[in-house]
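> what's the 3D shape of this:
(one chain, ligands or ions: 1)
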Amino acid sequence: QGKYTAILTEVNGRVATITLNRPEALNALNSTLVSELIEAALGFDADPNIGAIVLTGSERAFAAGADIKEMGSLSYSDMLLGGPFPSWEGFERLRTPVIAAVSGYALGGGCELAMMCDIILAADNAKFGQPEINLGTLPGFGGSQRLPRAVGKYKAAELVLTGRQMGAEEAERSGLVSRVVPAAELLEEARKVAQTIAEKSLPALYVAKAALQAAQETPLAEGLKFERQAFAASFATEDQKEGMRAFAEKRAADFSHR
Ligand code: CO8
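Sure thing, here's the model as predicted:
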């Protein structure tokens, strides 16, 4: 707990919560915040007692983007060498399901960080956008690739090329967020979703997440091949046997996460 300065962490049962905590800068992602976020997330990911991670910010901002003041004067070489976030790709390698609970601004790197998560829940005051074009640059954390996959090429192009912000309702209608809830209930709702997920078999969650990622990253034939192998492989786990036995015996499954 005490070792971080720009995030807070909390564990409730099998659910971990990471809260971005730079209120003075609307949770702008600076090098300290990102390295702490990656360290905490990788730590939870390596812990078999954690089955889901909630990532959230404050009511006013999930994150207003990469820290412009820290980044502004960096050179091409600085950025090529990783810029302020040499290790951010660690976040994309997490095997544990991550739920983004977005309230307020999710702009630039903030929107991109939410899109690196598996599920996005939004408060009714959430605002998503890729305003980098206003700064003379473009999304650099995956936004130009993940946003079109989430909302379609034409809406993504409007957002990326104009820098317009999109409210929670529009984000839900567009398929970027799975559900909009009142801001006061956001964290509780996200934790409920996380709790539901965390009770499932961890090995099954790992491969289901990997299959969903394959759907974004590979051609259909490759993704189908991956799914077929992964589905067959799941029959080697104790949890698959327990899950199907429990169904036949009309009782709740008691997964050992093996
Ligand atoms: N960086 C640094 N500081 C920020 C940022 C930011 N992204 N956003 C807000 N802040 C700071 C403000 O400077 C201000 O600080 P201070 O009080 O010291 O002046 C404080 O937070 C509060 O912000 P505002 O006073 O501006 O609050 P408003 O309510 O008036 O406005 C906005 C809120 C609309 C969110 C406004 O702050 C804003 O436009 N922020 C910038 C949004 C933006 O452009 N984000 C994109 C940044 S670029 C990016 O994310 C690229 C990611 C790719 C990285 C890839 C690396 C490999």
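
> And the helices in the stretch 151-258 of the chain?
Secondary structure of the stretch 151-258 of the chain (DSSP state H, counting those that start in this stretch): helices located at 153-162, 168-173, 186-198, 202-217, 220-234, 238-248.

> so which of those helices comes closest to Thr56?
Proximity to Thr56 (Cβ to Cβ) singles out helix 186-198 among those, at 6.1 Å. For glycine as for every other residue, the C-beta is placed from the backbone atoms N, C-alpha and C.

> For the nearest residue to Gly142 once chain neighbours are set aside, give me its contacts.
Nearest-residue entry for Gly142: Glu112, 5.1 Å, with adjacent residues in sequence omitted and distances by Cβ to Cβ, 6 or more residues apart in numbering. For Glu112, the contact set (Cβ atoms under 8 Å, 6 or more residues apart in numbering) comprises Gln130, Pro139, Phe141, Gly142, Gly143, Arg146.

> In helices only, show me these.
The helices, defined by DSSP state H, take in Gly143, Arg146 from those.

> Closest to Tyr4 out of the contacts of Glu112?
For these, the residue nearest Tyr4 by Cβ to Cβ is Phe141; the value is 20.8 Å.

> hang on, that closest one packs against Ala66?
Yes - using Cβ atoms under 8 Å, Phe141 makes contact with Ala66 at a distance of 7.2 Å.

> ok, those two, which is more surrounded?
Higher neighbour count among Phe141 and Ala66: Ala66, with 28 against 25, using other Cβ atoms under 10 Å.

> Can you classify Thr96 as helix, strand or coil?
coil (DSSP: H, G, I helix; E, B strand; the rest coil).

> what's the neighbour count on it?
For Thr96, the count of nearby residues is 25 (other Cβ under 10 Å).

> and the gap between the residue nearest to it when sequence neighbours are not counted and the ligand?
Of all residues beyond its chain neighbours, the one nearest Thr96 is Asp45 (4.9 Å), with distances taken as Cβ to Cβ, 6+ apart. Note on Asp45: its distance to the ligand, by Cβ to the nearest ligand atom, to the nearest Å, is 21 Å.

> I'd like to know how far Asp45 sits from Tyr76.
In this view, Asp45 and Tyr76 are 32 Å apart by Cβ to Cβ, to the nearest Å.

> Comparing those two, which shows the higher neighbour count?
The neighbour count for Asp45 versus Tyr76, taken as other Cβ under 10 Å, is higher for Asp45 (19 against 7).

> one step back: residue contacts, the residue nearest to Thr96?
Contacts here follow Cβ under 8 Å, 6+ apart; on that basis Asp45 touches Ile53, Leu94, Arg95, Thr96.
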